[in-house]
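A.B. asks: Sequence and predicted structure, then a few things I'm wondering about:
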Amino acid sequence: MSKSNTGDMISEYATIAFTLLGILFGMMIMTFIFGVLGPDTIPDGGITVTVINETGAWLNTTTYTVDNSAAIGFTSLVIISAVNATDNSSIGVGNFSVSGAGFTNATVLNWDSVKFSYTYIKDTDAKIAATQSQNNSLVAIVEYTEGGSTQLNTVSISIILILLIGVFLVFWKIFVDKKKGSRNTSGGNFG
């Protein structure tokens, strides 16, 4: 093996080693960047939604939960109007109390079939998209870090192998150079 081939081999080794270390460093940077994305980076605020004449409701001591209660970021339920569906008579606002995503009867009167209109606030589409994106990123990072011991072992083994290969190449270069040096000297015991 000529000196230039050994030098080429060492430079190839160095290129591979630094590429692998660069990839590992890049993965650590990406983990940090996605880990920094937190609730503070998601825009706040919501939009007000109005529902007119939702049917199938009742008004008694059992809480009726509105149909849109599953909307992401559902808050601030306000009943605008309620109508007895059997005779289309208006039900006064004082006859029910709102709690969370539903309402119950606040008086002794009961209605089995009620149409009502209400407003509520929900998250904007931008906030929903940002939250889902953040959650997906954070889930990926959690899964990545939960396997931390395995990944740490893999990184440790990779670094140790790179170092061992480097030590081997250095000794190989020394061995090849000494062998060339002993061929070029004349004399010795038999010369």
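C.D. replies: Thanks, I have it.
A.B. asks: next helix or strand past the strand or helix carrying Gly26?
C.D. replies: Counting by DSSP states H and E, the element that carries Gly26 is helix 3-36. As assigned by DSSP H and E, the chain's next helix or strand after helix 3-36 is strand 46-59.
A.B. asks: what packs against that following strand?
C.D. replies: In terms of contacts (3 or more CB pairs under 8 Å, 6 or more residues apart in numbering; DSSP states H and E), strand 46-59 is packed against strand 75-84, strand 102-105, strand 111-123. C-beta here means a position set from N, CA and C on the backbone, and glycine is covered the same way.
A.B. asks: can you give me the mean pLDDT across the helix holding Gly26?
C.D. replies: Averaged across helix 3-36, pLDDT comes to 71.
A.B. asks: ok, now stretch 54-68?
C.D. replies: For stretch 54-68, the per-residue pLDDT averages 88.
A.B. asks: any idea how far it is from the chain center?
C.D. replies: Stretch 54-68 sits 36 Å away from the centroid of its parent chain (CA atoms, centre = their mean, to the nearest Å).
A.B. asks: outside of it, which residues touch it?
C.D. replies: Residues from elsewhere that reach stretch 54-68, judged by CB atoms under 8 Å, 6 or more residues apart in numbering: 49, 51, 74, 77, 82, 85, 91, 95-96, 99, 101-105, 109-118, 120, 122.
A.B. asks: Asn122: what's it in contact with?
C.D. replies: To be clear, residue 122 is Lys; Asn isn't right here. For Lys122, counting by CB under 8 Å, 6+ apart, the contacting residues are 46-47, 49, 68, 71-75.
A.B. asks: doesn't Gly73 fall inside a strand?
C.D. replies: No - counting by DSSP: H, G, I helix; E, B strand; the rest coil, Gly73 falls outside a strand, being coil.
A.B. asks: Near it, how many residues? Count them for me, please.
C.D. replies: Residue neighbour count, defined by other CB atoms under 10 Å, stands at 15 for Gly73.
A.B. asks: now the one 4 residues further on
C.D. replies: In terms of burial, Leu77 registers 19 neighbours under the definition other CB under 10 Å.
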